[in-house]
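# sequence first, predicted coordinates after that:
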Amino acid sequence: MNVVTSIGRWGINYCQGVGRSAWILSRSIFRRPRSLESFHLLCSQIYAEGWLSLVIIVVSALFIGMVVGLQGYNTLKDFGATQALGQLIALSVVRELGPVVSALLFAGRAGSALTAEIGLMKATEQLSSMEMMACDPLGRVVAPRFFAGLISLPLLTMIFNVVAIFGGYFVVVRWLGSDAGTFWSNMQAYVDFRVDVIGGIIKAIVFGFAVSWIAVYQGYNCVPTSEGIGKATTRTVVYSSLAILGLDFVLTTMMLGGW
Amino acid sequence: MRQTFIEFIVGIFVIVAFICLAFMAFKVSGLALKSGSGFYKVEASFTNVGSLKVRAPVSMSGVKIGSVTHIDLNPKTFQAMVTMEIDNKFNEIPQDSSANIYTEGLLGSNYIAILPGGSLKNLKNGSVIYNTSPALVLENLIGQLIFSLKGGSKNDSSTSTSQTNQSLSISKH
């Protein structure tokens, strides 16, 4: 009996959490923007979430591109098919690695920071005092952080893709001595702009939505203690990573299925 | 001061990202800006298109001049109707040119090659190429090869193998 009660309580709490997160999201999205001030807030958040994540994105993109190039070279060399390296690197980066890895890094770098920041604001009762001053924390704190994540992740993904392709280019062409002309022309012949490049960016937009939503909700809804903030930050990273990988499979199925 | 600096940095960030997008469009995916000349459409019917796909290249002397836009089956003649668009730059292709379906490499994808004819009239929008040859299907070729090996030269091959056996045994001794 006790088990049934606890399962029921868990289910009710879960549905309540989903409902509350949707409520927070809709209240922070659908509001009349106060033009200049909200623009300034959005800019500072894009700076904090996007620009400051740029270093980790660029460095990991460089290494990922180089590793894909090196592994591909050593495998394809046996079949004498090293001319296919350009399309191998470009397709795997643009379709999968770019959106997924930059979203995972973004969840670890920016999503956790978002949750901790909003959670600490709640714990030190800054959110309540904002409400006391008739300033809605959803508009002032949550909305710019959500939109900044939604905007930053696709931009970071575009940069990630290009840096990773250059990493592969350096290894394959400059270091291992494959031909540069074959590398680029095979890549151009097999990568399609609408399906592959735009598809990857659509993935990044969906991931940005999911990560920012999870991070903002976990921060806004955390238990206002130091332990609660820690747990909320952990949950943000875990849930975002799972959501990214699951959504990636769904989106890939939709895209390969010819939508 | 600080706010303007942050906005400046964010501006640079957005610009860099869109430069990367443009790089992916032109350098990685080879997206070509459409030249103003446009295309004209030509139809051809084949008895077999093999694994020809929409967007497959249409080439002449190995140079790409257009692409396949539509493949359909004619319900009366049971022939495949292939619609292709050819760049307006190449508008002086003779009307009696022939369209052939070839394969890139041994296992590559199919494409249409147009061999020029000698007519003085040119192909124009909506005209039909009557002189076509279908795709070679590898299974049919192998089937024909096996058939000819089995049937036609059976005696020849048996005598030749016995001769080689004899010559081998001689060289051993």
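Looks like it came in fine.
# pull the contacting residues for A:Ala61.
Applying C-beta atoms under 8 Å, 6 or more residues apart in numbering or on different chains, we find A:Ala61 in contact with A:Gly98, A:Val101, A:Ser102, A:Ile159, A:Phe160, A:Asn161, A:Val163, A:Ala164, A:Gly167. Just so you know, the C-beta spots here come from the backbone N, C-alpha and C atoms, and that holds for glycine as well.
# just the pLDDT for B:Ala25.
Looking at B:Ala25, its pLDDT is 84.
# spatially nearest residue to it, not counting backbone neighbours?
Nearest non-adjacent residue to B:Ala25, counting by C-beta to C-beta, 6 or more residues apart in numbering or on different chains: B:Leu31, 4.6 Å away.
# and the helices in chain B?
Applying DSSP state H to chain B gives helices spanning B:2-23, B:138-151, B:154-172.
# distance between the first one and the chain's centre?
The chain centroid and the centroid of helix B:2-23 are separated by 42 Å, computed with C-alpha atoms, centre = their mean, to the nearest Å.
# the residue nearest to B:Ala25 and A:Val197, how far apart?
To A:Val197, B:Leu31 is 8 Å away according to C-beta to C-beta, to the nearest Å.
# so those two - more neighbours on which side?
Regarding B:Leu31 and A:Val197, a neighbour count based on other C-beta atoms under 10 Å in any protein chain shown identifies A:Val197 as having more, with 23 against 17.
# tell me who's in contact with the closest residue to that one other than its chain neighbours.
Across the structure, with C-beta to C-beta, 6+ apart as the measure, the residue nearest A:Val197 apart from its sequence neighbours is B:Met24 (5.0 Å). By C-beta under 8 Å, 6+ apart, B:Met24 lies in contact with A:Val94, A:Met158, A:Asn161, A:Val162, A:Phe193, A:Val197.
# and what of A:Ser21?
Each residue near A:Ser21 by C-beta under 8 Å, 6+ apart is listed here: A:Trp213, A:Tyr217, A:Asn221.
# before we move on, the earlier item: and the helices of chain B, which one averages the lowest pLDDT?
Across the helices of chain B, helix B:154-172 gives the lowest mean pLDDT, at a mean of 49.
# does any part of stretch B:51-63 sit near chain A?
No: applying C-beta under 8 Å from any C-beta of the partner chain, one finds stretch B:51-63 separated from chain A by no less than 8.9 Å.
# that stretch: which residues count as buried?
Buried residues in stretch B:51-63, counting neighbours by 16 or more other C-beta atoms under 10 Å in any protein chain shown, are found at B:Leu52, B:Ala56, B:Pro57, B:Val58, B:Ser59, B:Met60.
# what's in contact with that stretch?
By C-beta under 8 Å, 6+ apart, the residues outside stretch B:51-63 that reach it are B:64-71, B:82, B:84, B:86, B:90, B:93, B:101, B:109-116, B:135.
# and it, average pLDDT?
Per-residue pLDDT over stretch B:51-63 has a mean of 83.
# what do you get for stretch A:250-259?
Stretch A:250-259 shows a mean pLDDT of 81.
# which residues sit against it?
Outside stretch A:250-259, the residues that touch it by C-beta under 8 Å, 6+ apart are A:Arg95, A:Glu96, A:Val195, A:Gly199, A:Ile202, A:Lys203, A:Val206.
# same question for the strand or helix carrying A:Cys15, mean pLDDT?
A:Cys15 belongs to helix A:2-29 when elements are defined using DSSP states H and E. Mean per-residue pLDDT for helix A:2-29: 90.
# and the furthest pair within the contacts of B:Met24?
The span of the contacts of B:Met24, defined through C-beta to C-beta, is set by A:Val162 and A:Phe193 at 14.1 Å.
# neighbour count for those two, which is higher?
More neighbours surround A:Val162 than the other of A:Val162 and A:Phe193, with 26 against 18 (other C-beta under 10 Å).
# which helix or strand contains that one?
Using DSSP H and E, A:Val162 sits in helix A:143-169.
# dump the residue contacts of the residue lying closest to B:Ala44 once chain neighbours are set aside.
With C-beta to C-beta, 6+ apart as the criterion, B:Ala44 has its nearest non-adjacent residue at 4.0 Å, and that residue is B:Ile129. Residues near B:Ile129 by C-beta under 8 Å, 6+ apart: B:Val42, B:Glu43, B:Ala44, B:Ser97, B:Ser98, B:Ala99, B:Ile114, B:Leu123.
# and whichever strand or helix holds A:Gly230, what's buried?
Using DSSP H and E, A:Gly230 falls within helix A:226-256. Judged by neighbour count (16+ other C-beta under 10 Å), helix A:226-256 contains these buried residues: A:229, A:231-233, A:235-237, A:239-241, A:243-244, A:247-248, A:251, A:255.
# stretch B:89-99 too?
B:Phe90, B:Ile93, B:Pro94, B:Gln95, B:Ser97, B:Ser98, B:Ala99.
# and the two most separated of those?
Farthest apart among the buried residues of stretch B:89-99 by C-beta to C-beta are B:Phe90 and B:Ser98. That separation is 15.6 Å.
# burial count for B:Gly126?
By other C-beta under 10 Å, 10 other residues sit near B:Gly126.
# no no, A:Pro224
A:Pro224 has 16 neighbouring residues, counting by other C-beta under 10 Å.
# what's around the closest residue to it other than its chain neighbours, how many residues?
Leaving aside its chain neighbours, A:Pro224 sits nearest to A:Ala123 (4.0 Å; criterion: C-beta to C-beta, 6+ apart). Neighbours of A:Ala123 under the rule other C-beta under 10 Å: 16.
# pretty sure A:Ala123 is in contact with A:Thr225, am I right?
Yes: counting by C-beta atoms under 8 Å, A:Ala123 does reach A:Thr225; the two are 6.5 Å apart.
# which strand residues bridge the most centrally placed residue in chain B?
Chain B has B:Tyr111 as the residue nearest its centroid, 1.0 Å off, counting by C-alpha atoms, centre = their mean. Judged by DSSP bridges, the bridge partners of B:Tyr111 are B:Tyr102.
# sorry, back to before: which members of the contacts of B:Ile129 are the farthest-apart pair?
Within those, B:Glu43 and B:Ser98 form the most distant pair, 13.9 Å apart (C-beta to C-beta).
# so the closest residue to chain B within chain A, which of the three states?
Proximity of chain A to chain B (C-beta to the nearest C-beta) peaks at A:Gln188, 2.9 Å away. Three-state call for A:Gln188 (DSSP: H, G, I helix; E, B strand; the rest coil): helix.
# distance check, it against A:Gly181.
Separation of A:Gln188 from A:Gly181 (C-beta to C-beta): 11 Å.
# equivalent analysis for B:Ser127, please.
Taking C-beta to C-beta, one finds B:Ser127 at 37 Å from A:Gly181.
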